[in-house]
Structure formats: structure tokens, C-alpha cells
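**Q** Show me the folded form of this:
(one chain, ligands or ions: 2)
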Amino acid sequence: MSQKVLIPTKLSTAAKDILEGNGFTVVQEAGVDLVELAKAHPDTEGMIVRSEKLTPEVIDLFPNLKAVVRAGAGYNTIDIQYARSKDITVMNTPGANSNAVAEEAVGMMISCARFFIEGDRSTRAGEWKKAQLQGFELTGKTVGIAGFGNIGQLLAKRLSGFEVDILVYDPFVSEDKLAEFGAKNVSLEELFAGSDFISLHMPATKETANVISTDLLTSMKDGAVLVNCARYEILDEAALREVKKTKTIYYANDVYPKDAAGDKTIADVSDIMLPHLGASSIEANTNAAVMAANQVSNYLGKGISVFAVNKVLPDGLSPEYQELAYSVAKVAKAWMGDSQPYEINISLYGELKQFDKFLVPAIVAGASANDKVVNAEKASEILESHGIKLDVREVDDSKNYGESITVDLIKSTNGKLERLSVRGTVAEGNIIISRIDDFDKLYYAADGFSTVFIYNDRPGVLADITQILASESINIEDLRSPHNTEKKRSIAIVKTNSEVSNEVINKINSKIDSEAAFQVSL
Ligand SMILES: NC(=O)C1=CN([C@@H]2O[C@H](COP(=O)(O)OP(=O)(O)OC[C@H]3O[C@@H](n4cnc5c(N)ncnc54)[C@H](O)[C@@H]3O)[C@@H](O)[C@H]2O)C=CC1
Ligand SMILES: O=C(O)CCC(=O)C(=O)O
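**A** Ligands and ions are numbered 1, 2, ... in the order given. Below you'll find the predicted structure:
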């Protein structure tokens, strides 16, 4: 039975397509209560959400849940600590919707400053308020950006055509980043007092709750515009109400205590209210869907966690090494075929040895990959229940393997043990298989379809392989074929533009009489 992913939200069908293509069962139902969905799908293992609230009570309704991806940036709607306590990894998709929000913020600024909303309303009503609605321009003004992450930076970039001066408040931004945008680092107080337009782009956290206070709002320039497309909780609504009684400032927002129909308390003091439209562009929705689907698939299928927000990879470990761990194990498992390993030996070289708890799940997932979808944690259970021994070995770093991983699957046939050993590394961001058995210095990029043959070295074998593939209209993209002259053995690793069927592999095998023939797709 394949693993189930629930998408209880309106999201591009790209996510469903990707997940189904990777062998998952996908249920996508927007607007249905999560309690109802939990009753119908208690076997859900992965979930992709947008603004849906995942409280401890809701999380408890999904006893099999392993991964949640917030298709977006802000994850304040998810109780990430509680999720962690239940071994659920929560991820977001940084950057996927940033441009949509940056453009919305520019639109909000100009709409406020030029009174588009009132201009539209009054003209429709038969009025002619041309004289009353004289606005002011964005060009040449000072814009304060609070929170200089993906959205804040894109906003600065998009505003460059307006020749504005940019003030930034972000306690975590580097001087280099500010210099890149010609922005000036200031305190939040200086930003509020010195800007004609202010746009909020920091996350909702304990530190930012109600941070936009009476003092800050009072210090704003007369007629200045404040845009909040970040989170409702950041601004003290009562303070805005009080300050607006005596001061002309404009407020535009698309965020509320809850994303739902109904009256909004902010209505009397907001000049533009949109229904959380920041990320609602076709492009952002597709970007977020694609990223979220790949992240769920990689986590549940390969034990690779990218952009986890409640189980962050430690400094020094990039997700590529989790991918390497999975890939090396998967090559070894493809070589082994259908049988289960008797034992798995793992060697983590260089800096990688300290990261075993982040790498071993990916190795176990790869070494258990009989079909496309294997849950890393389930794979560990399977391993234990089958009595398969897992051994992370002491390594000898004098071998100079750099940051590399060796996975040995020990095969037992009628009591005879055989070691199937594969090593790989990461080079220039590519997953590289560097050794299979005693054929080293292979250095082939492990992506796409590779068919591997190990055979007694003699002339004509490569010609046989390439001829049969050509007769099947399969194109070869790369071919490595080192020899072990001492043992008179050769390996041929043939990367192809499409999958090679078992029938074709058997045909080649019977022609060249190889000792091992297998295909791996990564
Ligand atoms: N209205 C909408 O539809 C959308 C709203 N958002 C909101 O915007 C926020 C920002 O999104 P991104 O730029 O993608 O996130 P990001 O994580 O790339 O950037 C957030 C920035 O805020 C900074 N920051 C953290 N604590 C801060 C503090 N106390 N004061 C000032 N800055 C602080 C961080 O250093 C970081 O640079 C999200 O957390 C989300 O709440 C995001 C996407 C869509
Ligand atoms: O998914 C949405 O429409 C909301 C986007 C958002 O607020 C976020 O990504 O933080």
C-alpha cells in the first residue's frame, strides 16, 4: 500500500501530479474541515497545508503523520514543537511565494498613496472626487522594510526603479546583504520615524507580537503608509485605532487573526483590506506546490529533509549529503536485487561522521527501496523486525576520502556472505558515485537511469551492450567502463535517456554473460 498525502487546501494540481508520479496516494480536498478529513484518512503520512491551523488537537487526529509541508513561508499556524514531540517534521517552502508578496506590497503602497480604492468606490457611486483625492508619489521617497528576508529583499529589488532610499530593520541581516541593495541598517524606531512608506516582512514570533506599538505608530511621518502583508499579530490593532484618531497615516493589510469570512475588527482603521492575497498568484501557487510536493516525497521516500523548521539540519550538513546517503544505499540495493540484506555497514568519512543520526535514516530508506516509496522511519522498523544488523563503523580518515559515504550491504546466500560495497561523495553540488565493488575512481553523477554490468574483461562486450541499446532506440548519455586488470574484471555503467526494461537487461546479460546486471534510477 502506498503512503497517503493529504492536501486539505487550494493548491496547484502540480503537487498532486508530482506525488502520484512518485507512487503516493494523494487526497486533495480544499475547504473540508480537518476533523472530517482525519476521520476519513487516519492513515495520512504526509500533509501539505497553506494557512490551515495545525493545533495539537488536530495533529493528534493523524496518528500516522510523519511530515507536514507548509506550502509557503510563515508556519505560525502550525504547532511545530508539538509536531516535533510526535516525530513529525515540519518544512516550509522559502522563496516560493516571495515575488507575489513583494508585488502585492508595491501595489498596496501605490494604491494607498493614490487613493485607488476610494477613487473607484466614489466614482462608481456617481461622485467626482478628483480634487479631494490628490495623492503623493512613491518615486524618490524613503521606504522602510522591517524583515529583510526573501520578501523584504525582493521588495527592495522591485522598488529600485522608483529610485527610493531604503531603510532596513532586521536583527539578523548581514552588512554585505544590505550593501548589495544599497540599504541602510537602522533601528525599528528610526525606520518608523524616517520612512514615507513602511512594509512589514518579519515572521510572527513571540518577539514580534504587537511590536508595532503606539510609540512607533505615533512617530510615523504625517501621511505615511504602513503595509502589513506579514501577519496580523505583529501590529497592535488597538494602538493603530488610537493613533489614527489624531494622526493621518494609512494602513493596508491582507492578514487577520484567522483566514475566514466574517466581520474584521480592523475594518474601521484599515484603508485597504485584502483577503490574504499575498501568495495568491498563479506563479507562487505553482512554485509552492512543486517545492512542497518534492519535499514531502523526498522526506517520506528518502529520509531527506529540506527546509525543516522543527528539525533543522546542523551547521555543516547540507541536504545534498542526505541525498548522497540515500543514493549510495539505493545503488547498493539495486545491485542486491529483491533479497533483504543480512547486515548493513555504513562508513561516514570526514565531517560526516558527526551527522550519523541525520544520514542513517536516508541510508536505511535507500537500502530498503524495493518500490518507489519507503518511509525512512518505517524502514528502520522493518530493519529491526527482520533482524537486520545496522553497523556505523569507525573510519580511517587517513584514506583521504573527504566527505564521503560507503554503504556495504551484506548478502547471505545459503550461509555464504558477500559484501556489496558502494561509495559516493558530493562534488560541485552533484551526487557522485565514486566506487562500486573494487572499481574505484568511477566519478559518475548519480541521476537519471543507470544500468550497471560487471563481467569478465574481454573485447567486444561494450559493443554488444551499446548495439542492443541502440536497437531498442535507447540513447546512451554517459558510459564509464574501468577494468580491473589484475582480476580481469570490468564494469560498465551506462547512463541512458530512458528506463531500460528488464527484458532488455536480460537480453544484454545473456549476450555478455555478466556476473551482475542491474539498473538504478535516481
Ligand atoms: N501575506 C502573505 O500572503 C504572505 C505573508 N508572509 C509572511 O511574511 C513573512 C516573511 O516571509 P519571507 O520573507 O518569505 O520569510 P524569510 O524567513 O525569508 O524572512 C524573514 C526575515 O525576517 C527577519 N526577522 C526575524 N525576526 C525578526 C524580528 N524580530 N524583527 C525583524 N526582522 C526579523 C529574518 O531575519 C528574515 O530575514 C512570513 O513569516 C509570513 O508570515 C509570507 C508569504 C506570504
Ligand atoms: O498560502 C497562502 O496563501 C498564504 C501565504 C503565507 O501567508 C505564507 O506563505 O506565509
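**Q** Roughly how far does the residue lying closest to N228 once chain neighbours are set aside sit from ligand 2?
**A** Nearest residue to N228, sequence neighbours excluded (Cβ to Cβ, 6 or more residues apart in numbering): N253, at 4.3 Å. Heads up, the C-betas are built off the backbone N, CA and C, glycines and all. Per Cβ to the nearest ligand atom, to the nearest Å, N253 is found 12 Å from ligand 2.
**Q** Go ahead and confirm N253 touches C229.
**A** Yes - when contacts are counted by Cβ atoms under 8 Å, N253 is listed as touching C229 (7.1 Å).
**Q** what residues are up against whichever residue of the stretch 301-450 of the chain sits closest to ligand 1?
**A** In the stretch 301-450 of the chain, no residue comes nearer to ligand 1 than V309, which is 9.7 Å away by Cβ to the nearest ligand atom. Going by Cβ atoms under 8 Å, 6 or more residues apart in numbering, V309 touches 70, 75, 80, 90-92.
**Q** give me that answer again for 7 Å
**A** V309 makes contact with 75, 80, 90-92 under the criterion Cβ atoms under 7 Å, 6 or more residues apart in numbering.
**Q** could you redo those residues as a markdown table and give each row neighbour count, secondary structure and pLDDT?
**A** As requested, the contacts of V309 are exported to a markdown table (neighbours: other Cβ atoms under 10 Å; DSSP: H, G, I helix; E, B strand; the rest coil; pLDDT from 0 to 100):
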| residue | neighbour count | secondary structure | pLDDT |
| --- | --- | --- | --- |
| Y75 | 21 | coil | 96 |
| I80 | 20 | helix | 94 |
| V90 | 26 | strand | 96 |
| M91 | 25 | strand | 96 |
| N92 | 23 | strand | 97 |
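**Q** Distance of the residue of the stretch 251-400 of the chain found nearest ligand 2 relative to D438?
**A** Ligand 2 sits closest to A279 of the stretch 251-400 of the chain, with a gap of 3.6 Å, by Cβ to the nearest ligand atom. Noted for A279: a distance of 52 Å to D438, by Cβ to Cβ, to the nearest Å.
**Q** The two: who's more crowded?
**A** Each of A279 and D438 has its neighbours counted (other Cβ atoms under 10 Å); A279 has more, 25 against 11.
**Q** Once you drop chain neighbours, what's closest to the more buried one?
**A** Counting by Cβ to Cβ, 6+ apart, the residue nearest A279 is N97, at 3.7 Å.
**Q** my read is the residue of the stretch 251-400 of the chain closest to ligand 2 is in a strand, agree?
**A** No - if the criterion is DSSP: H, G, I helix; E, B strand; the rest coil, then A279 is coil and not within a strand.
**Q** thought it was touching G72?
**A** Yes - in this structure, A279 is within contact of G72 by Cβ atoms under 7 Å, at 5.7 Å.
**Q** which residues does the closest residue to ligand 1 within the chain contact?
**A** Nearest to ligand 1, among the residues of the chain, is G149, at 1.7 Å (Cβ to the nearest ligand atom). Neighbour list for G149: H201 [criterion: Cβ under 7 Å, 6+ apart].
**Q** Show me what from the stretch 151-300 of the chain comes close to ligand 2.
**A** 276, 278-280 (Cβ under 6 Å from any ligand atom).
**Q** can you redo those as JSON lines with distance to G448 and pLDDT?
**A** Listed next are those as JSON lines, based on distance: Cβ to Cβ, whole Å; pLDDT from 0 to 100:
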{"residue": "H276", "distance to G448": "40", "pLDDT": "97"}
{"residue": "G278", "distance to G448": "37", "pLDDT": "98"}
{"residue": "A279", "distance to G448": "33", "pLDDT": "97"}
{"residue": "S280", "distance to G448": "35", "pLDDT": "96"}
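**Q** State the number of residues packed around E351.
**A** Residues within reach of E351, counting by other Cβ under 10 Å, total 13.
**Q** part of a helix, is it?
**A** Yes - per three-state DSSP, E351 lies within a helix segment.
**Q** How about the contacts made by it?
**A** E351 is in contact with 316, 403, counting by Cβ under 7 Å, 6+ apart.
**Q** run the last query once more with 8 Å
**A** Residues near E351 by Cβ under 8 Å, 6+ apart: 316-317, 403.
**Q** Would you map out the domains in this structure?
**A** Annotated domains of the chain cover 4-94+283-302, 98-273, 319-521 [automatic domain parsing].
**Q** so of the ones you listed, which one's packed in deepest?
**A** Mean neighbour counts were compared across the domains of the chain using mean count of other Cβ atoms under 10 Å; the top stretch is domain 4-94+283-302, at a mean of 20.
**Q** Now this protein against ligand 2: closest residue?
**A** In the chain, the residue that lies nearest ligand 2 is G72 (2.3 Å; Cβ to the nearest ligand atom).
**Q** Tell me what V5 is bridged to.
**A** Beta-bridge partners for V5, by DSSP bridges, are V26, G46.
**Q** Does it touch G46 like I think?
**A** Yes - if you go by Cβ under 8 Å, V5 and G46 touch, sitting 4.0 Å apart.
**Q** Could you tell me which residues touch both of the two?
**A** Here V5 and G46 share the contacting residues 24, 296, 300, scored by Cβ under 8 Å, 6+ apart.
**Q** Return the member of the residues you listed nearest to G144.
**A** V296 (37.0 Å; Cβ to Cβ).
**Q** Does that closest one belong to a helix, a strand or coil?
**A** Per three-state DSSP, V296 ends up helix.
**Q** contacting residues around it?
**A** With contact set as Cβ under 8 Å, 6+ apart, V296 has these partners: 5, 19, 24, 46-48, 67, 69.
**Q** Repeat that for V32.
**A** V32 makes contact with P8, according to Cβ under 8 Å, 6+ apart.
**Q** Can you pull the residues of the stretch 151-300 of the chain lying near ligand 1?
**A** Of all the residues in the stretch 151-300 of the chain, those lying near ligand 1 are 151-152, 169-173, 201-204, 207-208, 229-231, 254-255, 276, 278-279, going by Cβ under 6 Å from any ligand atom.
**Q** What average pLDDT does the helix or strand harbouring V168 get?
**A** Under the criterion of DSSP states H and E, V168 resides in strand 165-169. What strand 165-169 shows for mean pLDDT is 98.
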